[in-house]
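**Student:** fold the following.
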Amino acid sequence: MKSEIVDKVTEIVERAGRNEGIEAVEVELKGSGSARVLRIFIDKPAGVTHADCRNISEYVGTVLDMEDVIPGGRYTLEVSSPGVERKLSHPRDFERFAGQKAKIVLSEPIEGHKVWEGTLAGFADGVITLEAAPGESIPIPLTQVARANLKFDW
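**Tutor:** Residues are numbered from 1 along each chain as shown. As a prediction, the model looks like this:
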């Protein structure tokens, strides 16, 4: 049931943000009963503004209530940007953020390591190319990625 709700909410967000170039990065439905929280992370190439979050929140909240997408009607809606160390999960993420630093955790080790950090150098045919060090490129099949996110140098 939760996955059906998440899919429906993702569709609503994509529809709401299409004209502004806003995409649904991630949608989560956590908790149960009156303690449910619906979290929506949105992004766009120029960066997300407070107004973008407000507009998506108002639109999505209205549609969810009108269509009774979340049975029981009691939930907290949160809309925000994914942050500077955003999650990477789709092929388009690895393409879009080429040239930026990332941390990738694997389900199975490659060259004896399950955790890799470096610069995203490319993505093709289901394989991420990560430059772990200057001149050292590691091919990582997307199917082996357990978790990936951008890395920000603080």
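**Student:** tell me the buried residues in the one helix or strand Tyr59 maps to?
**Tutor:** Secondary structure from DSSP states H and E places Tyr59 in helix 50-67. Going by neighbour count (16 or more other CB atoms under 10 Å), the buried part of helix 50-67 is Asp52, Cys53, Asn55, Ile56, Ser57, Tyr59, Val60, Val63, Leu64. Just so you know, the C-beta spots here come from the backbone N, C-alpha and C atoms, and that holds for glycine as well.
**Student:** name the helices or strands packed onto it?
**Tutor:** Contact analysis of helix 50-67 by 3 or more CB pairs under 8 Å, 6 or more residues apart in numbering; DSSP states H and E lists helix 2-17, strand 37-43, strand 76-80 as its packing neighbours.
**Student:** mind redoing it with 6 Å?
**Tutor:** Judged by 3 or more CB pairs under 6 Å, 6 or more residues apart in numbering; DSSP states H and E, helix 50-67 is in contact with helix 2-17, strand 76-80.
**Student:** buried residues, the shortest one. List them.
**Tutor:** Judged by neighbour count using 16+ other CB under 10 Å, the buried positions of strand 76-80 are Leu77, Val79, Ser80.
**Student:** could you give the number of residues near the residue nearest to Tyr75 when sequence neighbours are not counted?
**Tutor:** Spatial nearest neighbour of Tyr75, chain neighbours left out: Arg36 (4.1 Å); criterion: CB to CB, 6 or more residues apart in numbering. Arg36 has 18 neighbours, counted by other CB atoms under 10 Å.
**Student:** my read: Arg36 touches Gly72, true?
**Tutor:** No: using CB atoms under 6 Å as the test, Arg36 is too far from Gly72 to be in contact (8.0 Å).
**Student:** what about the closest residue to Lys2 other than its chain neighbours, which helix or strand?
**Tutor:** The shortest distance from Lys2 to any non-neighbouring residue, by CB to CB, 6+ apart, is to Leu29 (5.1 Å). Following DSSP H and E, one finds Leu29 within strand 23-30.
**Student:** thank you kindly, that will do.
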